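Asks: Pasting the sequence and the predicted model now:
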Protein chains: 2
Amino acid sequence: MASHGARSRSGGRPTLEEVAARAGVGRGTVSRVINGSPRVSDATRAAVEAAVAELGYVPNTAARALAANRTDAIALVVPEPETRFFAEPYFSDMLKGVGAEISETEMQLLLIFAGSDRERRRLAQYLAAHRVDGVLLVSVHADDPLPDLLSQLEIPAVISGPRSAAETLPSVDSDNYGGGRSAVEHLLAGGRRAIAHITGRLDVYGAQRRVDGYRDALRDAGHEVDERLIEPGDFTEEGGRRAMTKLLARRPDLDAVFAGSDVMAAGARQVLREEGRGIPSDVALIGYDDSAIARHMDPPLTSVRQPIEEMGRHMIDLLLTEIADRRPAVSRGLERRQVVLATELVARASS
Amino acid sequence: MASHGARSRSGGRPTLEEVAARAGVGRGTVSRVINGSPRVSDATRAAVEAAVAELGYVPNTAARALAANRTDAIALVVPEPETRFFAEPYFSDMLKGVGAEISETEMQLLLIFAGSDRERRRLAQYLAAHRVDGVLLVSVHADDPLPDLLSQLEIPAVISGPRSAAETLPSVDSDNYGGGRSAVEHLLAGGRRAIAHITGRLDVYGAQRRVDGYRDALRDAGHEVDERLIEPGDFTEEGGRRAMTKLLARRPDLDAVFAGSDVMAAGARQVLREEGRGIPSDVALIGYDDSAIARHMDPPLTSVRQPIEEMGRHMIDLLLTEIADRRPAVSRGLERRQVVLATELVARASS
DNA sequence: AGGTACCGTGGGAGCGCTCCCACTTGTGAT
DNA sequence: ATCACAAGTGGGAGCGCTCCCACGGTACCT
């Protein structure tokens, strides 16, 4: 008597072997059918599929993971506290795109927050245990060690928003430079001349690029760039307020503000209101992200739209390719996989 | 030569066996140390721990799952579209509590949305594959088949918000009845007499209980309940607007409104404003959830606070107990595990 | 006719762990 | 000194799958 066989297993789920017996074929054949191999005759496939249905067979993921050395899961890592995740529409839109795309596959998506030190350590453990086949990294700051850890562990990863122009990881980004340009060009076209810019956190590459776009748009139109019109923000509403206050003090004559995010634009708006400046009569205001805030603001906010959901889709695609390429230890793909998606200016009443 | 050994394994991670060799002990001993068994001498334990550190050993989860028939993961299942998840602070607070509590353990938390039919089917597959040791169910409607599926698969589960008074699953809830009572008592104490109630979706048990609390509070204070003062909502802002409009039409003399959620209160507020009714001068308004909306409303909204984060913590505790109890096939715990937490009325300017 | 090429198939070996039995050694009771 | 028992340990068996080799059969070539 098999003493081990008596170990209480959960609900006696059918195994591959049992399906094979039922279908009158070998284990290998069932495995082939389950995994969609083409090297199975139609008759056999039908027989196996019938057996699978009758027995209600569902593959044991753990066994598969052990034997095949893959987990069929990928993680969406958010190196931020949960709070920010929920506060910013960026993340939820991203998640929506990612979720939609991944549901086309057999892969499982895990959402992991790594805001605190403690969470970081857990994440490191988790990655070291290779519990996922790949990682999606969103909102990574320039000095974050996470990407290095990932490449050291040889875990495929895709980053949203490259950390610099020299990003080595495959990445998906929107055209921040072009977005910045279009905002300024729009304001210039509206006859504005003293255009201020409240930047995002400058350790975020995308924020830098928006500044570059701002500068170049002005120069190309034959205007000089007055550094007093540029004030760094931090993507928060409060930061927007502070920046707006400073700008107003330095250049009371400004007639337009391009904020690096809708949230900062909201902060700026408050200050402009308090100072009695009409929007857009006295000062035109334009944000970035085209989030719900923009639509609901009074007046509705002109904003630069990033196709965030689409970015999420692309990230999954890149990652899956990356994972698939990892199988044969061939070609370290020198063709850098960097996707950049176009932005779109959504004009509303604020400009 | 072992032809299979050549299979390209990921990065040659150290195995239990290698740790054992390094520490000069057997496999079993290392396993005991890793799993914190007390039946190991201190000296041996130290040696093993040293070997683990030197080799950077991390257990292979798949192998462990296969051998031990557990996954060390639990899922938080949200039977709603992502959109609602992000829109309602309820979920993020819940997630915060759950996340905090689970990070005390070795368990992994998965977030699964099951809003669409398609997602439902994926979830069913997922559960059938027993990829998690237990499930946390939030926001389940009365007729949802999910709980049955779970019990059929013998997967431990805990529900937030029982589906009815006869809920069989372990559950964690706040005292909706008491919350409803306290809202009404507060309004009565403020001298209000014609108190309306905009209910939540009545297929949500908690919403029913709030209505019960509303009714009983009025009766106990010697007032009759006028059914024209009760109008069902659906937890949305638009629903709040609609309900408020109807109530005003039916009982223009009402002097207070108890809304079943802050979001609905926000909708009600808009209508009251449009009708020129002052808050709280003409009509006192009170919400439920004490969400961010309540604090930022104009005027700030009195609301009934549920300790959602704490509820999340309790859910994890219950679930872990449930999972642990599942090991020996003993006592089908007849002592129903139902936790009910107290609510708290937060008085602000709207009442 | 024999040879060569597949195709479809069966099943051994092995993935890295846990579980449990059997064994050795140390301790205290007799 | 002898026995009983516990504490600590080693390692076989097995979890359910994938991978790959080997095999028989059919089709096509020379």
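Replies: Cool, the structure landed.
Asks: And the helix or strand of chain A with the lowest mean pLDDT, what does it pack against?
Replies: The helix or strand of chain A with the poorest confidence is helix A:82-87; it has a mean of 77 (mean pLDDT, DSSP states H and E). On a contact count with 3 or more C-beta pairs under 8 Å, 6 or more residues apart in numbering or on different chains; DSSP states H and E, helix A:82-87 meets helix A:89-102, helix B:89-102. (C-beta placed from N, C-alpha, C; glycine too.)
Asks: Just the buried residues of the helix or strand just after the first one, please?
Replies: In this case it means helix A:89-102. Using DSSP states H and E, the next helix or strand after helix A:89-102 towards the C-terminus is strand A:108-113. Across strand A:108-113, burial judged by 16 or more other C-beta atoms under 10 Å in any protein chain shown covers A:Q108, A:L109, A:L110, A:L111, A:I112, A:F113.
Asks: Need the residues that contact the helix or strand just after strand A:108-113.
Replies: Downstream of strand A:108-113, the next assigned helix or strand under DSSP H and E is helix A:117-128. With contacts defined as C-beta atoms under 8 Å, 6 or more residues apart in numbering or on different chains, helix A:117-128 is touched by A:75, A:77, A:79, A:112-114, A:132, A:135, A:146, A:149-150, A:153, A:155, B:56, B:58, B:103, B:108.
Asks: if we go to 10 Å?
Replies: A:75, A:77-79, A:81-82, A:110, A:112-114, A:116, A:131-132, A:135, A:144-146, A:149-150, A:152-153, A:155, A:157, B:13, B:56-59, B:61, B:99, B:103, B:106, B:108 (C-beta atoms under 10 Å, 6 or more residues apart in numbering or on different chains).
Asks: Give me the number of neighbouring residues for the residue of chain A found nearest DNA strand C.
Replies: Relative to DNA strand C, the nearest point of chain A is A:G28 (2.2 Å; C-beta to the nearest atom of the strand). A:G28 is flanked by 12 other residues according to other C-beta atoms under 10 Å in any protein chain shown.
Asks: what's the answer for A:L272, then?
Replies: 20.
Asks: isn't it right up against A:M297?
Replies: No - proximity of A:L272 to A:M297 does not meet the contact threshold set by C-beta atoms under 10 Å, at 11.8 Å.
Asks: Can you tell me who A:I286 pairs with across the strands?
Replies: Beta-bridge partners recorded for A:I286 (DSSP bridges): A:F258, A:T302.
Asks: So it is in contact with A:R348, correct?
Replies: Yes - using C-beta under 10 Å, A:I286 is in contact with A:R348, at 9.0 Å.
Asks: Chain B next: which of the buried residues of strand A:108-113 are close?
Replies: Filtering the buried residues of strand A:108-113 for proximity to chain B by C-beta under 10 Å from any C-beta of the partner chain leaves A:Q108, A:L109, A:L110, A:L111, A:I112, A:F113.
Asks: farthest-separated two in the residues you listed?
Replies: Within these, A:Q108 and A:F113 form the most distant pair, 17.3 Å apart (C-beta to C-beta).
Asks: Tell me where the stretch 101-250 of chain A is predicted with low confidence.
Replies: Applying pLDDT under 70 to the stretch 101-250 of chain A picks out no residues at all.
Asks: any chance you could map the helices in it?
Replies: Using DSSP state H, counting those that start in this stretch, the helices of the stretch 101-250 of chain A run over residues A:117-128, A:146-152, A:176-189, A:205-220, A:237-250.
Asks: quick one: contacts for A:L319?
Replies: A:74, A:98, A:101-102, A:107, A:133-137, A:156-158, A:170, A:172, A:337.
Asks: And for A:A256?
Replies: A:183-184, A:186-188, A:190-197, A:229, A:280, A:282-286, A:351.
Asks: same deal with A:A67?
Replies: Applying C-beta under 10 Å, 6+ apart to A:A67 gives the contacts A:S31, A:N60, B:R7, B:A62, B:L66.
Asks: Ranking by neighbours, what's the top pick from the residues you listed?
Replies: The residue in the contacts of A:A67 with the most neighbours, by other C-beta under 10 Å, is B:A62 (23 neighbours).
Asks: In the stretch 151-300 of chain A, which residue sits closest to chain B?
Replies: Residue nearest to chain B within the stretch 151-300 of chain A: A:E154 (5.6 Å; C-beta to the nearest C-beta).
Asks: and that residue, how far is that from DNA strand D?
Replies: According to C-beta to the nearest atom of the strand, to the nearest Å, A:E154 stands 18 Å off from DNA strand D.
Asks: What's the local residue count around that residue?
Replies: Other residues lying near A:E154 total 10 when counted by other C-beta under 10 Å.
Asks: quick one, phi/psi of it?
Replies: A:E154 has phi and psi values of phi 60, psi 40 when expressed as degrees, to the nearest 10.
Asks: doesn't A:D148 make contact with it?
Replies: No - the criterion here is C-beta under 10 Å, and A:E154 misses it with A:D148 at 11.9 Å.
Asks: you'd agree A:I316 is up against A:A100?
Replies: Yes - judged on C-beta under 10 Å, A:I316 makes contact with A:A100 at a distance of 8.8 Å.
Asks: before we move on, back to that, now the common contact residues for A:L272 and A:M297.
Replies: A:A265, A:I279, A:L285.
Asks: Apart from its chain neighbours, what residue comes closest to A:F86?
Replies: Excluding the flanking residues, the one nearest A:F86 by C-beta to C-beta, 6 or more residues apart in numbering or on different chains is B:S92, at 4.2 Å.
Asks: thinking the one you found is in contact with A:F91, fair?
Replies: No - if you go by C-beta under 10 Å, B:S92 and A:F91 don't touch, sitting 11.2 Å apart.
Asks: shared neighbours of those two, which are they?
Replies: Taking C-beta under 10 Å, 6+ apart as the criterion, B:S92 and A:F91 both touch A:E82, A:F85, B:F86.
Asks: Could you single out the nearest of the residues you listed to A:E310?
Replies: When these are compared for distance to A:E310 (C-beta to C-beta), B:F86 wins out at 18.2 Å.
Asks: pretty sure that closest one contacts A:F86?
Replies: Yes - the criterion here is C-beta under 10 Å, and B:F86 meets it with A:F86 at 6.5 Å.
Asks: which residues are common contacts for the two?
Replies: Common neighbours of B:F86 and A:F86 (criterion: C-beta under 10 Å, 6+ apart): A:S92, B:S92.
Asks: And the strands in the stretch 201-350 of chain A, which stretches?
Replies: With DSSP state E, counting those that start in this stretch as the criterion, the stretch 201-350 of chain A has strands at A:230-232, A:256-259, A:284-288, A:302-305, A:338-341, A:344-346.
Asks: Just send the ones you listed back as CSV, with distance to B:A47 too.
Replies: CSV is the format used below for the strands of the stretch 201-350 of chain A (distance: least, C-beta to C-beta, whole Å):
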stretch, distance to B:A47
strand A:230-232, 54
strand A:256-259, 60
strand A:284-288, 58
strand A:302-305, 60
strand A:338-341, 49
strand A:344-346, 63
